[in-house]
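# what shape does this take:
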Amino acid sequence: MLRRLERFRPIAVALILATLGWYASIEFKSPSSKQSEGPETSATDAVNVGGVKLPTASDRQLLPHPDVSPIRGSKSLAAELRTARNLRVFVHEALQRPEQGGHYYAIRALDHCSFLPTVVDLTKGKESAANAHAHKRLQVELNRCEGVLAQFGGLKGLAHNIEARPDRGRDPVRAVYQKLTRNQYGSAAEAVAAAIASEEPQLLFHAMAKYKEAIIEQAAGQKIEWTDALRTLAVRAAGEAAYVRMSNPDPELDAALGCLMTGQWCEPGAVAKEPEPNDPEERAALAEFRRVLNEFVAKQGRSAAGH
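Next up, the predicted model:
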């Protein structure tokens, strides 16, 4: 279950798992050392993170990334996934549109529907006035998912369906996901540029979470001694950086899941967001991770826009 949550509902699930004490157990494995792009110029004004001072100068130069262009139609299909009343129909139609990310979003739909029974089991008998609106949203999602898992034989059945199709290699969004999971990008810049081109915030989160350590160490100009606490903060900063670049597509669902599974964010209009760390050093580290990762995403985005 953790592997599925890591892949497809990064912000909401990261927050939920953090509250439940599971957050540090998620593994966003960094690529091998070949992904590092080398040290960058440091500055005299710096913040100490894990025994290493991160420069606060904003004029560091990044290696140029490859020429990438947005994937046409992917944002439209992502929006259809969020608004479709019947996901069984959505999956059938998405499979006919691989060039727009149809195979990827079909898998996303089934993964979403596969996760909902877990939410139901974890929240059974815990209905209350405080979480009534969250249960209502959960029921909406269950209704949208009706019949889709049986129709396609679950995630494995859909995967076999896609692999048997003659157009299985024509989905550029799925290709980005596969290259990320297989560590096939040559650098953080290349991976993040591809994720930005996909216009899918969860793939951008995936890329940032995977390469977070290399990006931060590049800014520091040396290796950092990573503790579980620092990695947890870096994953959080990576998710926030993804949604600074690409807005959260469904904050209401994230808040509803958080409300049901943790009892937090149950007020109408609440946003699922962790409080700032109490420890001053952790707050400082998180602030620096945010700055470094946001700057990295922004520069890759500006470079992509220039092509």
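
# for this structure, where's the lowest mean pLDDT among helices and strands?
helix 2-8 (a mean of 33; mean pLDDT, DSSP states H and E).

# hey, where'd the strands end up in this protein?
46-49, 52-55 (DSSP state E).

# what average pLDDT does the last one get?
Taken as a whole, strand 52-55 carries a mean pLDDT of 54.

# what residues are up against the closest residue to A298 other than its chain neighbours?
Closest residue to A298 apart from its sequence neighbours, by Cβ to Cβ, 6 or more residues apart in numbering: R245 at 7.3 Å. Placement of C-beta: from N, CA and C, glycine included. R245 makes contacts with I196, P201, L204, V297, A298, G301, as judged by Cβ atoms under 8 Å, 6 or more residues apart in numbering.

# now a PyMOL select for only the buried ones of those residues.
The following PyMOL line selects those of the contacts of R245 that are buried, judged by 16 or more other Cβ atoms under 10 Å:
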select buried, resi 196+201+204+297+301
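
# and of the contacts of R245, the nearest to D279?
Closest approach to D279 among those (Cβ to Cβ): V297, at 26.0 Å.

# pretty sure the closest one sits against L204.
Yes: using Cβ atoms under 8 Å, V297 makes contact with L204 at a distance of 7.3 Å.

# against R170, how distant is Y105?
14 Å (Cβ to Cβ, to the nearest Å).

# could you do V89 as well?
Relative to R170, and taking Cβ to Cβ, V89 is found at 21 Å.

# next one: L180
Distance from L180 to R170, by Cβ to Cβ: 18 Å.

# out of these two, which sits in the more crowded spot?
L180 (22 against 15; other Cβ atoms under 10 Å).

# quick one: contacts for that one?
By Cβ under 8 Å, 6+ apart, the neighbours of L180 are A191, A195, L203, H206, A207, K210.

# perfect, that will be all.
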